[in-house]
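> predicted model follows, preceded by the sequence.
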Amino acid sequence: MVYRRTDTSMEVVDVPADAPAHCPGTASDTAGKATPCSGCPNQKICASGAAKTGPDPDIETIRSRLCGVAHKIVILSGKGGVGKSTLTANLAYALCRSDSQVSVVDTDICGPSMPRILGVQGETVHQSGSGWSPVYVDDKLNTMSISFLLPAEDDAIIFRGPRKNGMIKQFLRDVDWGEIDYMLVDTPPGTSDEHLSIVQYLGAVGCDGVVIVTTPQEVSLLDVRKEVTFCRRVGLPIIGVVENMTEFVCPNCRGVSEVFAGTTGGAVGMCESMGVPFLGSVPLDPRLGEASDFGSNLFDSNSGNHETPVTTAIYSITEKIKAFCNNK
Amino acid sequence: MSATSNLRHNILVLSGKGGVGKSTVAVQVALSLRSLGHRVGLLDLDLCGPSVPRMLGLEAHQVVQTEGGGGWQPVYPYADQSLAVMSIGFLLKDREAAVIWRGPKKHAMINQFLGDVAWGNLDFLVVDTPPGTSDEHISVVEKLRGASTHALLVTTPQAVAVSDVRREVNFCRKMGVPVLGVVENMSGFVCPHCSECSRLFSSGGGTALCELYGLSLLGQLPVDPALGRCLDSGKDYMSEFNDSINSKVLMKIAESVVEQCSVA
């Protein structure tokens, strides 16, 4: 493992410092054989397989780091913009209301939203002898995101897969998580490097399951079906599917509208046809989006919004997730 | 001669944020450019979540190889071949099939899409991208280096979206891709019961982004459930609802793309 110091942090990647720009990573199956490897000083070593050292020793370190985490849940979609990060944050708030200790891991390396949504944007990560400390939102909720490691809010994170994988591994291996009831892992959309890395690292140490988020539209369901296939192929248990932005209630006339109408049976139909549990629907409430933008907590009893159709829906979904985790 | 050498202007539809309407804007801008009389290609680079085939009603189509080793034939939805479409969706056996690839395989696929597809003589190639600033984005910019390539950024009004799109602006600057402008999608929703306009996803994000970076706000698209329904079923929204605000704004965006590319 090679350490490469950047302007922002100590970055651990399995890409050697003298490797070309598109290095597949020394642990990759194509190490030394891929087109970008031509001309690399490490090409012969990688091609001989000597750079690979068998089972990843960091898995044991990750296992020990996460031994105090009782339940690990991954929030996935496949489709972007369906509300994964928003739902992750609000599940976290709801779990905290029932006295649980919660951590949120933001693995969306290119578009990290959790610090803003949780109201801790601009905070910095502290390092001690026991590792990195996650950033605390309050005494029951903490989070880790690449956003805390960037010098500027609008820095573009132009990482290919191996660098993203290294960062995710670092979050799980180098952060002093402590004793946690629920670790919620927010993911970017898709079924790619980040997701495979999460399966690789969390799968090895035990993951309770995944919650898949969608909107009612067929263009979302198209991607979500693929996500279900992904989960089944890699052996991740599916806790269930949440349908977000189901309907909008006009604040003026209370009329109900389907803004993102389902034309093919919505999430309920998809769940029936694919044999996965349906956890519930969350209505489209502009207050949820505004809370995300301003980092405020709708579940806070001082917010005036803690007993609304949205919070009621999320509480119901949270109870089902808890029941799944505690009945395993 | 590579299959990309006949291409005139490449328009990368980018965001950084997922679910803001990149595919929607890419499809509608491609259709608008076609209706303005241009020969258009539409390349769906969202390898994990290809939406373009569904949106154009082309899900049943498959890609074929040109005889004599001429490369892959794109799918032509119109008899005059004025729109050429390519997506990994045409290569998957069914809609539940998942593409579970790490970066290097995605990079190879993108090279094939840009190098091995018989695009023919195009005026514009509109490229729909997945959210982010990662393998797909780096690969397509590198492959198209030296050609006329521009970015069209899509956001919603929310701060969480704008945060990600700011990073995309910096990606474009670092990679040397000029930005034509910003499209703000889901700008507001007019209640069909009382006509009151509600801000579903906050407000002002697109304008603020443009002011911060000196970009042009090319258009603001309100939420129209009919657009979502048409895209879900592969129907042509701009034909069926050609009097709508969205149709007019989308056409203006296409006209701006043509104007800016012709003076670039």
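Arrived safely, thanks for sending. Numbers count the residues shown, from 1 in each chain, chains lettered A, B, ... in the order given.
> please count neighbours and contacts with C-alpha atoms only from this point.
Fine.
> and the longest strand for the chain?
Just so you know, I chose chain A. In chain A, ranked by residue count with DSSP state E as the criterion, the top strand is strand A:238-249.
> meant chain B, my bad for not saying
Chain B, longest strand under DSSP E: strand B:179-190.
> direction included, what does it pair up with?
Strand B:179-190 has its sheet partners listed here by DSSP bridges as strand B:148-155 (parallel), strand B:197-198 (antiparallel), strand B:217-223 (parallel).
> in terms of helices and strands, where is the nearest residue to A:Gly206 once chain neighbours are set aside?
Spatial nearest neighbour of A:Gly206, excluding adjacent residues (C-alpha to C-alpha, 6 or more residues apart in numbering or on different chains): A:Lys72 at 7.7 Å. According to DSSP states H and E, A:Lys72 maps onto strand A:69-76.
> the helix or strand just after that strand near chain B anywhere?
As assigned by DSSP H and E, the chain's next helix or strand after strand A:69-76 is helix A:84-97. No: using C-alpha under 8 Å from any C-alpha of the partner chain, helix A:84-97 stays clear of chain B, coming no nearer than 9.9 Å.
> packing partners of helix A:84-97?
strand A:69-76, strand A:102-106, helix A:114-117, strand A:141-144, strand A:180-186, helix A:286-294, helix A:309-326 (3 or more C-alpha pairs under 8 Å, 6 or more residues apart in numbering or on different chains; DSSP states H and E).
> buried ones in the fourth one?
So that's strand A:141-144. Within strand A:141-144, the residues that qualify as buried are A:Leu141, A:Asn142, A:Thr143, A:Met144, counting by 16 or more other C-alpha atoms under 10 Å in any protein chain shown.
> immediately after that strand, which helix or strand?
helix A:161-174.
> same check, this time on the fifth one
Tracing the chain past strand A:180-186, the next element assigned as helix or strand by DSSP H and E is helix A:193-205.
> hmm, who's touching that next one?
The contact list for helix A:193-205, computed with C-alpha atoms under 8 Å, 6 or more residues apart in numbering or on different chains, reads A:59, A:62-63, A:66, A:107-108, A:161-162, A:164-165, A:168-169, A:187-188, A:234, A:236, B:101-103.
> roughly how far is that helix from the heart of the chain?
How far helix A:193-205 lies from its chain's middle: 11 Å, per C-alpha atoms, centre = their mean, to the nearest Å.
> quick one: buried residues of it?
A:Asp193, A:Glu194, A:His195, A:Leu196, A:Ser197, A:Ile198, A:Val199, A:Tyr201, A:Leu202, A:Gly203, A:Val205.
> equivalent analysis for stretch A:124-132, please.
A:Val125, A:Trp132.
> mind checking the end-to-end distance for that stretch?
End-to-end distance of stretch A:124-132 (C-alpha to C-alpha, to the nearest Å): 10 Å.
> so how many other residues sit close to the closest residue to B:Gly18 other than its chain neighbours?
The shortest distance from B:Gly18 to any non-neighbouring residue, by C-alpha to C-alpha, 6+ apart, is to A:Gly80 (3.8 Å). When neighbours are counted by other C-alpha atoms under 10 Å in any protein chain shown, A:Gly80 registers 23.
> can you pull out the residues in contact with the longest strand of chain B?
Contacts of strand B:179-190 (C-alpha under 8 Å, 6+ apart): B:20-21, B:150-157, B:169, B:172, B:196-201, B:203, B:205-206, B:210, B:215-224, B:257, B:260.
> list only buried entries from those.
B:20-21, B:150-157, B:169, B:172, B:197-201, B:203, B:205-206, B:210, B:215-224, B:257.
> how about the contacts made by A:Ser103?
Listed by C-alpha under 8 Å, 6+ apart, the contact set of A:Ser103 reads A:Ala92, A:Leu141, A:Asn142, A:Thr143, A:Trp177, A:Ile180, A:Tyr182, A:Met183, A:Leu184.
> now do 7 Å
By C-alpha atoms under 7 Å, 6 or more residues apart in numbering or on different chains, the contact set of A:Ser103 is A:Leu141, A:Asn142, A:Thr143, A:Ile180, A:Tyr182, A:Met183, A:Leu184.
> what's near enough to touch the second one?
Read that as A:Asn142. A:Val102, A:Ser103, A:Val104, A:Pro134, A:Val135, A:Tyr136.
> which one of these is nearest A:Ile321?
A:Val102 (13.7 Å; C-alpha to C-alpha).
> for the closest one, give the beta-bridge partners.
Going by DSSP bridges, A:Val102 is paired in beta bridges with A:Leu141, A:Tyr182.
> gap between it and B:Asp128?
37 Å.
> let's have the helices and strands packed on helix A:84-97 in TSV, adding distance to B:Asn246 and mean pLDDT.
Below are the helices and strands packed on helix A:84-97 laid out as TSV (distance: least, C-alpha to C-alpha, whole Å; pLDDT from 0 to 100):
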stretch	distance to B:Asn246	mean pLDDT
strand A:69-76	31	96
strand A:102-106	35	96
helix A:114-117	30	93
strand A:141-144	39	96
strand A:180-186	33	96
helix A:286-294	22	87
helix A:309-326	29	94
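> reformat these as a markdown table; add distance to B:Met86.
Shown next, in a markdown table, are the helices and strands packed on helix A:84-97 (distance: least, C-alpha to C-alpha, whole Å):
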| stretch | distance to B:Met86 |
| --- | --- |
| strand A:69-76 | 27 |
| strand A:102-106 | 33 |
| helix A:114-117 | 34 |
| strand A:141-144 | 38 |
| strand A:180-186 | 31 |
| helix A:286-294 | 34 |
| helix A:309-326 | 39 |
